[in-house]
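K.L.:
no sequence on this one, just coordinates:
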């Protein structure tokens, strides 16, 4: 692990992100996020070299990041991680802006509905329609992190036109496997928060439904760039996803961050920088029609 990686892990540990909480604490946090959502989404982000715009589709707000020069009619749809509860963070917006700059492409950042105002059924229906709306403009390259990567994989499974997806530390099984639950080195993911959110998010769906567990999707013929951190709780399930779909026709490229945490490609570390370089290269192939 690099020095920058060690510093980031220390900061994450001090933040208490992975701390288990009571059901009441979880509901209080969910309510707080819901109350602040409209205020947060009303702020248009600003990043140098990229123009940010705001739009609305079927009642769902979204941001659009447009670089100074756009070289392709094809576009990127980036779904940020949230545990299906949390609002986006500044680093999510920065990553979207970096994608736009480095790929010379339009990047759509949907502010999709979350708990307690939505569930998997209503959210996925909206995102599926949003994907169709974007596909009318050009080919769509899907990318997501954490729960957003789960949604991106589910969209790729449900849409034959989705030929490529980048999944950063995806939540591939709604019910995290026992091996992942036993991991002690994860300083990002809280099992209690994941379990509370999972039960509410799935609503009447079965845990095996692809909309909540993309592990059960169909990716034959699709290109998947898959990331996991060695220390994260999702890693065992991600490896199971890799073996299941690489042997059933998907073109899966798997990259693991040595001693890295959940969603390490988004972090300002040496490991994150290298991972982002791979992402840019892979997505250029999707956007510009190069061989995947």
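P.N.:
Perfect, thanks for sending it. As the structure is a computational prediction, the values presented were derived from the model and not from experiment.
K.L.:
quick one: mean pLDDT for the helix or strand hosting residue 38?
P.N.:
Under the criterion DSSP states H and E, the helix or strand holding residue 38 is helix 23-41. Mean pLDDT, helix 23-41: 92.
K.L.:
what's the answer for stretch 53-63, then?
P.N.:
Across stretch 53-63, the average pLDDT comes to 95.
K.L.:
sorry, back to before: what is the helix or strand that the helix holding residue 38 is followed by packed up against?
P.N.:
As assigned by DSSP H and E, the chain's next helix or strand after helix 23-41 is strand 50-57. Under the contact criterion of 3 or more C-beta pairs under 8 Å, 6 or more residues apart in numbering; DSSP states H and E, strand 50-57 touches strand 60-67, helix 90-103, helix 120-135. All C-beta spots, glycine's among them, are computed from the backbone N, C-alpha and C.
K.L.:
in strand 50-57, what's buried?
P.N.:
Across strand 50-57, burial judged by 16 or more other C-beta atoms under 10 Å covers 50, 52.
K.L.:
ok now that strand, how far from the chain's centre?
P.N.:
Computed by C-alpha atoms, centre = their mean, to the nearest Å, the separation of strand 50-57 from the middle of its chain amounts to 19 Å.
K.L.:
and the contacts of that strand?
P.N.:
Outside strand 50-57, the residues that touch it by C-beta atoms under 8 Å, 6 or more residues apart in numbering are 44-46, 61-68, 97, 100-101, 110, 129-130, 133.
K.L.:
give me the element residue 175 is part of.
P.N.:
Assigning secondary structure by DSSP H and E places residue 175 outside every helix and strand.
K.L.:
for it, give its distance to residue 191.
P.N.:
Counting by C-beta to C-beta, to the nearest Å, the gap between residue 175 and residue 191 amounts to 11 Å.
K.L.:
show me where this structure has its helices.
P.N.:
Counting by DSSP state H, one finds helices in the chain at the ranges 3-15, 23-41, 90-103, 120-135, 147-158, 178-181, 191-202, 235-246, 270-288.
K.L.:
helices or strands next to the last one in the packing?
P.N.:
To tie it back to what came earlier, the one meant is helix 270-288. Using 3+ C-beta pairs under 8 Å, 6+ apart as the contact test, the elements touching helix 270-288 are helix 3-15, helix 90-103, strand 140-145, strand 164-168, strand 223-229, strand 251-257.
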